[in-house]
Each structure stands twice: as C-alpha cells, then as structure tokens.
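Enquirer: Generate coordinates for the sequence data below:
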Amino acid sequence: MSQGFESIIGLEVHAQLATDSKLFTCSGTKAGEAPNTLTDPVTLGLPGALPVLNKRAVEYAIRLGLATRCSIRRESIFARKHYFYPDLPKGYQISQYDKPICENGMLNVRVGDKTVDIRIHRIHLEEDAGKNIHLEQEENSIVDLNRAGVPLVEIVSEPDIRNAEEAGAYMRQLRQIVRYIGVCDGNMEEGSLRCDANVSIRPIGETKLGTKVEIKNLNSFRHVEKSIEHEIARQIAVVEQGGTINQETRLWDDVRGVTRVMRTKEYAQDYRYFPDPDLLPLIVDEDWIERVREELPELPAETFDRFRSTYRLEPYFAEILSEEKVTSQYFDRAVALHDNPTAIANWITTELFGRLNKEGLDMSSCPVSPENLAGLVKFIDDDIISGKIAKTVFDEMFASSATPDTIIESRGLKQISDPAAIRAVAEKLIAANPGQVSAFREGKTKMLGFFVGQLMKETGGKANPQMVNDILLELLNG
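Expert: You can find the predicted model right below:
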C-alpha cells in the first residue's frame, strides 16, 4: 500500500441458518436437491399466498446476537426490498431495514499477536433468493428456486477493518462462532457463508470516508483476502493517477486475480423499502432472550482462555484445539480421563490430525476415541510402553478402533522396565564389542548411540529408553 493512504473496510456476511424449513414457509432447505423441488405457493410468489415466520430462525438470530454481544431489539420490523430479477418471483425480498433484530455488537479478533476490536453495526433476518444458471452455448438461462426463501442472517460490521489480514481473521472468527453455537454449518463452498466487502481508501489523517466499492459474493477466506488486497491497490493507483473512485459493485475474478465491474452501486432508496403488510412486528420478550442466553454454549474465545488458564496450554495449542467445537470437546474428555494436557494436546495436533488429514477425515468421524487416546498417553506416562511403541499402538488404534490395552497385550508390547533384565543385555553387548567400548572411553561419546541401538534391537524396542541410557552410561564409564 502507498504510504499516503489507509484503507477502510466493512464486511457484510450472509450466514444461512441451519433450520429445516424456510423463513416464511415449511418447504425444506436441504442443499443438493433436484432443481425447483423445494418450492410452494409462498416461494413462487403466487397471489394470495401469505408468509408465516419461522420461530426457530428468530431464535437462531437471537443466539448469534448474544454471542456477538449485540443488543436485541424487543420489536423489529420486516420490510420489502424491491428489485426485479428472475430468481425472486415476488419482485421483492423480505428483509429487515431500519429496525433489525440485533444491533451494536463487538468481536475481539485475534490477528497475529494482537487483538483488534471490530464493531458489529447490525444483524438482521432476511430470505435468500433463488439461483440463476447460465448455460454455455445456450441463448436462455434457467432458474432454480430451491434457495428462494431460505433463512439468512446478514451480519454487517462497522468500517473498523484496516487490511485484508484483519478481514480474513474477522471472517474466520464469525465462522467459528456460528458453528460453535449451531446456527450455521459455515460451509462456504455450498454458499452457507458468504461475504460482501465494502472497500474505500483515504489519505492518512483524513477523517471523512472515501467512496465505497462493494465486492460481491466472496465464498472463501482466500477470496476475501485476495480481492481486498487487489481492490485497495487498484483504488490507490486510480487516485495517484488523478482519477476518481466510482461507487459501484464489483466481482472478484480469481483466474485473473482482479476485481471487475458488475454494476453501478444502488442506494437504499432504489429498493423502495417499506414494512411488509403481511407480517406483524416481531416482538421478543425478556424471558425469550434470557432463555436463549442460558442455553448458549461456551464460545470459542472463552474456550481458548480456559485452555490457557486451566490447562496451561501454549497459545498455539489453545488456538488449534479451540478452533472447532468437536475438537475442544474431544480434548476436554481426554484430559478428564488422564491429567496430562500438554501430552494429549501434542498427540491430537500431531499424530491424530496428521492421520485424519491423510485419510481425508475430520474429527466428527475420528476412529480414535478420546478414551482410547487418554489411555494411550497414560500407558506412556506409566512407563508401560515407550513413545516409539506408542506410535505403533496408535496406528492400530486408528485402523481398528481397538483399545490400547488390547493391542499392547495381544502383541506383547509392554515396555521392559526391569533394571536387572536391561543390565544383563547391556553387559552382554559391552563384552561383545570391546572396540566400541574403547572408542567411547577415548572420548568418542557418539558410540553411546551404537550401544543404545543394539540394545533396543535386542529387546525389540521394548526396553525403557531412560533406563537403557542410564545403565549403559554406568557400565561404559566404569
């Protein structure tokens, strides 16, 4: 970025609520169904069809508002947002305009080694539109209305974001929260979570906002970050060359790595908002809000802090293990069964994650239970098996879901921790290798490794490593 400018960024994030039915009708919301099979008179905008509000969608919006420290409006209004496009049969979208359900929230976003406070202006409920499909080598387009009417929340930030890295971190934290509290699956590839970025620049020291450009329909963290980086650079180049920034909507072209003009930016008055006459004001009482508040699970930031304070985990481990709710629950369960948080964190983040990634699995389908992982770590701590043998046991646990004690017993993998037995093998090796003994005693201390290797080979890798080192050093130095 040029040293003379700063960027001002706000994000509008759309999250599809994880309800079984649409926002104003009982048609389903499942992705991947045959085109136009999830429709009904309300979805199709047929005359006389009336919307009925989905209570679960409202509850999910309240849950998200509380999780992001918003104020919940006791009375909010649904409005009609008018525009004509084939994917919106009614000719308007039902949304919320001047009275959204949630307002004035805040996220404390970790960006590298600092924390950035990003305010949330509003969260409002609205219905999704359908999908236009433009076929190659065809004159006409087709439309699939399965998504029309699917419940969304739009999370609108204040323009508190200053660069692409902060934007990506904010998006990741929002995705983490909606998944933790169960209101959205966060699947960006399927469109369950998508983002519009508003980007402007201004000279450093200027307080007035510059002309805003909106980048639409960003469906990956990478696209969010790359498009913002490009758009900031584009706007600075335009201004430095004496041009002016036009208020417009642009799309991200990932192949070319540029944003391109989609249309001139609309203004609110272009949509002719007015309260929907078919829907009464939405009244949310204190009892409802408090019930939702009481049912909120521990949030990701709270889990991170607890892992740091209770388990004394390093920030790296605390962040990885609190990333997904299923992972944090797995870790909590394992530590409850065997109190060695650091060792269990190491096994999860290295061996377990490595194997899951290799097999294309996630934690929800993990074949190694937290009980079995805790048991494996306990066997190491109790000197029943060595760390090296533990990896062999882990491989079989992953392949068969068998318990570690079953594997250790059936394969005779218990560690040899009898000093007399280890000493007997060591004495035999020393007697059989006088040249290597002399070399060690002449200062070639690396010969210790030779004897350790030979002893472990003799015992099938089952000898206690610490005892092996201690006994060999005692005999070699004698």
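Enquirer: how close does residue 379 sit to residue 175?
Expert: 37 Å (C-beta to C-beta, to the nearest Å). Heads up, the C-betas are built off the backbone N, CA and C, glycines and all.
Enquirer: Residue 13 too?
Expert: Residue 13 sits 9 Å away from residue 175, taking C-beta to C-beta as the criterion.
Enquirer: Give me the common contacts of these two.
Expert: Both residue 13 and residue 175 are contacted by residue 193, under the criterion C-beta atoms under 8 Å, 6 or more residues apart in numbering.
Enquirer: quick one: which of these two has more around it?
Expert: In terms of neighbours (other C-beta atoms under 10 Å), residue 13 is the more surrounded of residue 13 and residue 175; the figures are 24 against 21.
Enquirer: any idea whether that one is helix, strand or coil?
Expert: strand (DSSP: H, G, I helix; E, B strand; the rest coil).
Enquirer: Identify the residues contacting the nearest residue to it once chain neighbours are set aside.
Expert: Closest residue to residue 13 apart from its sequence neighbours, by C-beta to C-beta, 6 or more residues apart in numbering: residue 155 at 4.4 Å. Applying C-beta under 8 Å, 6+ apart, we find residue 155 in contact with 11, 12, 13, 14, 15, 64, 68, 120, 123, 174.
Enquirer: Kindly recompute the last result at 10 Å.
Expert: 11-15, 64-65, 68, 70, 102, 105, 107, 120-124, 170, 174, 177-178, 193, 195 (C-beta atoms under 10 Å, 6 or more residues apart in numbering).
Enquirer: What of residue 34?
Expert: 144, 146.
Enquirer: if I look at it, how far off is residue 28?
Expert: For residue 34 relative to residue 28 (C-beta to C-beta), the value is 12 Å.
Enquirer: and for the two, which residues touch both?
Expert: The contact sets of residue 34 and residue 28 overlap at residue 146 (C-beta under 10 Å, 6+ apart).
Enquirer: Neighbours of residue 332, how many?
Expert: By other C-beta under 10 Å, 19 other residues sit near residue 332.
Enquirer: Oops, could you answer that again for residue 400 instead?
Expert: 11.
Enquirer: next one: residue 458
Expert: 15.
Enquirer: The residue lying closest to it once chain neighbours are set aside and residue 459, how far apart?
Expert: If the residues on either side of it in the chain are set aside, residue 458 comes closest to residue 425, at 5.2 Å by C-beta to C-beta, 6+ apart. Per C-beta to C-beta, residue 425 is found 6 Å from residue 459.
Enquirer: what's the overlap in contacts for those two?
Expert: By C-beta under 10 Å, 6+ apart, the residues touching both residue 425 and residue 459 are 416, 468.
Enquirer: Please compare these two by neighbour count and tell me which comes out ahead.
Expert: The neighbour count for residue 425 versus residue 459, taken as other C-beta under 10 Å, is higher for residue 425 (19 against 16).
Enquirer: got the buried residues for the helix or strand hosting the more buried one?
Expert: Residue 425 belongs to helix 419-432 when assigned by DSSP states H and E. For helix 419-432, the neighbour count (16 or more other C-beta atoms under 10 Å) marks 422, 425, 426, 429, 430 as buried.
Enquirer: now the angle from the following helix or strand past it to helix 419-432?
Expert: Of the helices and strands lying after helix 419-432 in sequence (DSSP H and E), the nearest is helix 434-441. With axes from the mean of the first three to the mean of the last three C-alpha atoms, to 10 degrees applied, the angle from helix 434-441 to helix 419-432 works out at 100 degrees.
Enquirer: what's the helix or strand following helix 434-441 packed up against?
Expert: On the C-terminal side of helix 434-441, the nearest following helix or strand under DSSP H and E is helix 447-458. Applying 3 or more C-beta pairs under 10 Å, 6 or more residues apart in numbering; DSSP states H and E, one finds that helix 447-458 contacts helix 419-432, helix 434-441, helix 465-477.
Enquirer: how much distance is there from stretch 123-134 to the middle of the chain?
Expert: With C-alpha atoms, centre = their mean, to the nearest Å as the basis, stretch 123-134 stands 23 Å off its chain's centre.
Enquirer: got any ranges where the stretch 251-400 of the chain has weak pLDDT?
Expert: Within the stretch 251-400 of the chain, the stretches with pLDDT under 70 are 265-268.
Enquirer: Please, where are all the helices along it?
Expert: Taking DSSP state H, counting those that start in this stretch as the criterion, the stretch 251-400 of the chain contains helices spanning 286-295, 300-310, 315-321, 325-337, 341-347, 353-359, 370-381, 387-400.
Enquirer: wait, which of these is closest to residue 437?
Expert: Closest approach to residue 437 among the helices of the stretch 251-400 of the chain (C-beta to C-beta): helix 387-400, 25.6 Å.
Enquirer: Contacts made by that closest one with the rest, please.
Expert: 343, 347, 351-352, 355-356, 358-359, 361, 366-369, 372-373, 375-377, 379-380, 384-386, 402-408, 410-411, 413-415, 456, 460-462, 465.
Enquirer: List the buried residues in it.
Expert: For helix 387-400, the neighbour count (16+ other C-beta under 10 Å) marks 389, 390, 392, 393, 394, 396, 397, 398 as buried.
Enquirer: re earlier: residue 212 is nearest to which of the helices of the stretch 251-400 of the chain?
Expert: helix 300-310 (29.7 Å).
Enquirer: what comes into contact with that closest one?
Expert: 67, 107-110, 115, 173, 175-177, 179-181, 297-299, 313-315, 317-325, 327-329, 331-332, 335, 341, 345.
Enquirer: Mind listing what's buried along it?
Expert: Per 16+ other C-beta under 10 Å, helix 300-310 contains these buried residues: 300, 301, 303, 304, 306, 307, 308.
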